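J.: Can you look at this prediction? I've put the sequence above it.
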Amino acid sequence: MKTIQLHINGVKRSVDTDPERTLLSVLRDDLDLTGAKYGCGEGQCGACTVLVDGQPVRSCHVRVEAVAGKQITTIEGLTQNGQLHPLQRAFLELDAMQCGYCTPGMILSGVALLANNPHPSETEIVRFMNGNICRCGTYPRIIAAIRRAAQMMKGGAR
Amino acid sequence: MSDKLVAQASSLPVEPERYELFAAPVYDFTITRRDFFKILGGGLVVLCLLDDALAQGRGGGRGFGGAAPQEISAWLHIGEDGTVTVYTGKVEVGQNARTSLTQVVAEELRAPLSSVRVLMADTDLVPFDAGTFGSRTTPDMVPRLRRAAAAARESLLDLAAEQWKVERGTLLVADGKVHHPPTNRAITFGELTKGQKLMKSIGGDVPLTPAERWKVIGQSIPKVNGQDLVTGKHKFSSDIKRPGMWFGKVLRPPSFGAMLVAVDTQAAEAMGVTVVRDGNFVGVAAPTEHLAAKALSAIRAEWNASPQPSGKELFEYLKKNAVPPPPSPAIEEGLAAADIRLERTYTIAYIAHAPLEPRAAVAEWNEGKLTVWVGTQRPFGVRSDVARAFGIPESQVRVIVPDTGSGYGGKHTVEAATEAARLAQAARRPVKVVWTREEEFTWAYFRPAGVIEVRSGVKKDGTLTAWDFHNYNSGGSAIRPLYDIPHQRSEFHQTRSPLRQGSYRALAATANHFARETHIDELAHAVGMDPLAFRLKNLKDERLRAVLTAAAERFGWGKSKQSEGHGFGIAGGFEKGSYVATCAEVQVTHRQVKVMRLVTAFECGAVINPDHLRNQIEGCLMMGIGGALFEAVRFENGTILNPRFSAYRVPRFVDTPAMEVVLLDRKDLPSVGAGETPIVAVAPAIGNAIFDATGERRRTMPMV
Ligand code: FES
Ligand code: FES
């Protein structure tokens, strides 16, 4: 057991845990942040994606100890002052989901993409997002949603 | 109870397509009017009775823990606060039934969408339902809920007429209120139902709003709970947390069919976890998943394995264990009349559903009563599975299905429910079991593999004369051709399956369409005809002709010029009441196949929600690309060789082709389901396009 300090969604949280555990399991089981999902546990599906210092990270593959002190953003922290992120809005507008299990990971990956590249081409979207699986096959809609969010953000929306 | 649990945990093969034939539950108590209002609260209740035809084939419906009259399929409640709640045993697995059911109720009740809540799949609260499969939600549940809502609307009119002492004919319902235009009065549903305990049952005779007056049905209403999904707020079964809950893991045999000989759990027990050994079942529960996994790996077990068939002998094995069809003089006659005869064999691999949310369940015991939150397509089926495993009455088990991380036919059984319940019983606290991806790839069930043998005959002018089609193992769905063929036979042959198999999106319709529509293409080429013209020449069915023509037209069939290495293919078919045709463009370079474009025309009667229908069709096309090109379960002597996403390739962003969907909206026809059929034409269209590009015929799924 070890006490680890985490900065999650702008709040400091301290957890007593076996430092070997994954970030995903601590988020979900200890902190009730269940937006990050388990899909494979081997870094292959992106369902567990969270942002660590703005970069998309597969939380199933990261030991919780490794992210101590870093800025972690989960899907629960993406909404600010009750305002959805433009990409969340675009997902809703384009119904870019079916079962929605991949959705939090998709949105966080997409947010990271847009932060690095505000106007990605379709090829760039595909390349960046290819590690995220949507088994329901809503890829064309997710691509469209990322493009729409890019448009919205160009207009100054957050 | 130990041997019962073993029977539950061992993987008995699920016969393909037999899964829809469930016997009726054993109990048949009647629910009283008082019970209803006790549970639902005051207001107005409309019970939907099954019409006779449906009731007979299905063994009827019950609810409230097996305590409702058998012919009830759903109920609708308008509470004293005006909230409309619909109770149905259907589940939401991404097919957007929650939204479409909300829509049809809002339409008939003339109520705002936001006032309608659909309560799905809580076995203590909803009437019995066999399960969400076979594309039955739209053709069965939609008309029933429409009738219930229409009947509720009529009752509200009665109430208002009585209350205001006015002619009923001068009233109208709109925006969740009853209006009396002559006096400019309006009253909300809540005000009308306040203090009431009204109950009404309805059969098949309630008048429904005709299609030309629809305002909500036929509209692209966004997913009603989309907001909860994009914010991470929605709790899937795997997200449920109960006070004091622990995490469970189950020890799996090293190979299929292996029996436990001896087990040493001492090291695990020393870790302060709960260890259960019950027959062949060994599992642990611990305060964290990490510790549960650690304890599990500390268990030493000895297994007795028996030799199992391997993938390389699969197709021989399937043929070897089936009875060959008898000779048919009629077929021989048809073949004799042909100028050209073809004989071909097609094979289909086992594939995995791989729903992104693996099997997951949380179980909690309370004074002998068990509650399980679980992602399944058969809430009442899982309830009886669990009850049977513990030898307790079904009324002691409550199954709650939160909207689930998809199923595709893969979550008819959810063993995690029984496993969690067994561990919770031993640990004396709630336990959650979430299968790992590897468990899901290994211990769930697969889409059946198959061998399909086809013999056919055609005249030089392109007239089909004979068709002899034999499917070994994969199933009988959509096995009969819609083409006009004077001498034909299409049969499904049962055999032994090396792997546990069961339902999958569209079942064997994919395999049968693959073989049929590939073979038809081969025949077209054999007589030197355009594949579309050849199909139309042998086809009278107007609805199939309509989708083929519509897809071809949008695709530019016969007009567009192909670039180097590109090929075009077409395929069409019919299943579960709906019609589909797909045109594909592929690019083949160095034996690499890329699907460039898919155009699909689809007709499923009157469209309820066009955008969600498109979403389903696009999803089917994406998923179909996987089975067509690369998905296959590899196995050897009782073990799965590729039980991971790194080894089992599923469609990803790079595989997304340009997609166009043409909807043929037939407002004059009843709506049927659409979550399955659009997948069936994908593989043959792609295969035919590969032939067009390369001159090489692919007769195996997957094709590369
Ligand atoms: S769960 Fe982490 S990548 Fe799949
Ligand atoms: S919406 Fe179901 S996995 Fe993406």
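T.: Happy to help now that I have it. Residues are numbered from 1 along each chain as shown, chains lettered A, B, ... in the order given. Ligands and ions are numbered 1, 2, ... in the order given.
J.: got a list of what the closest residue in space to residue B:164 that isn't next to it in sequence touches?
T.: Computed as C-beta to C-beta, 6 or more residues apart in numbering or on different chains, the closest residue to residue B:164 that is not its neighbour in sequence is residue B:180, at 6.1 Å. Just so you know, the C-beta spots here come from the backbone N, C-alpha and C atoms, and that holds for glycine as well. Residue B:180 makes contact with B:160, B:164, B:166, B:170-171, B:186, according to C-beta atoms under 8 Å, 6 or more residues apart in numbering or on different chains.
J.: Restricted to strands, list those residues.
T.: The strands, defined by DSSP state E, take in residue B:186 from those.
J.: Now the residue nearest to residue B:164: phi and psi?
T.: Main-chain dihedrals, residue B:180, degrees, to the nearest 10: phi -120, psi 90.
J.: Equivalent analysis for residue B:702, please.
T.: phi -70, psi 160.
J.: show me the contacts for it.
T.: For residue B:702, the contact set (C-beta under 8 Å, 6+ apart) comprises B:349, B:626-632.
J.: can you pull up the bridge partners for residue A:51?
T.: Residue A:51 has these beta-bridge partners by DSSP bridges: residue A:56, residue A:73.
J.: separation between it and residue A:74?
T.: Distance, residue A:51 to residue A:74, using C-beta to C-beta, to the nearest Å: 8 Å.
J.: which stretch of helix or strand covers residue A:88?
T.: Using DSSP states H and E, residue A:88 sits in helix A:86-93.
J.: Does chain A have contacts with stretch B:397-404?
T.: Yes: counting by C-beta under 8 Å from any C-beta of the partner chain, chain A has neighbours in stretch B:397-404: B:403-404.
J.: ok, and what's touching that stretch?
T.: With C-beta under 8 Å, 6+ apart as the criterion, stretch B:397-404 contacts A:99-100, B:65, B:91-94, B:98, B:120-124, B:225, B:234-237, B:239-240, B:355, B:357, B:369-376, B:379-380, B:382-383, B:386-387, B:411, B:417.
J.: thinking again about what came up before, hey, what's in contact with both of residue A:51 and residue A:74?
T.: Joint contacts of residue A:51 and residue A:74 (C-beta under 8 Å, 6+ apart) are residue A:108.
J.: picking that back up, only whichever of the contacts of residue B:180 are buried, select them in ChimeraX.
T.: Buried residues among these (16 or more other C-beta atoms under 10 Å in any protein chain shown), as a ChimeraX selection:
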select /B:160,171,186
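J.: Report whether stretch B:418-430 contacts chain A.
T.: No: contact of stretch B:418-430 with chain A (C-beta under 8 Å from any C-beta) is absent, the minimum separation being 13.0 Å.
J.: filter the contacts of stretch B:397-404 down to the ones near ligand 2?
T.: Contacts with ligand 2 within these, as defined by C-beta under 6 Å from any ligand atom: A:99-100, B:94.
J.: Which of those residues scores worst on pLDDT?
T.: By pLDDT, residue B:94 ranks lowest within those, coming in at 92.
J.: excluding its backbone neighbours, what's nearest that residue?
T.: Residue nearest to residue B:94 in three dimensions, not counting chain neighbours: residue A:99, with 3.0 Å by C-beta to C-beta, 6+ apart.
J.: The stretch 251-400 of chain B: strands as residue ranges?
T.: B:259-264, B:274-278, B:281-286, B:300-304, B:340-348, B:360-366, B:369-374, B:397-400 (DSSP state E, counting those that start in this stretch).
J.: For ligand 1, which of those strands is the nearest?
T.: Nearest to ligand 1, of all those, is strand B:360-366, at 13.4 Å by C-beta to the nearest ligand atom.
J.: got the angle for the closest one vs strand B:369-374?
T.: Per axes from the mean of the first three to the mean of the last three C-alpha atoms, to 10 degrees, the angle that strand B:360-366 makes with strand B:369-374 is 170 degrees.
J.: Right, I'll call it a day here.
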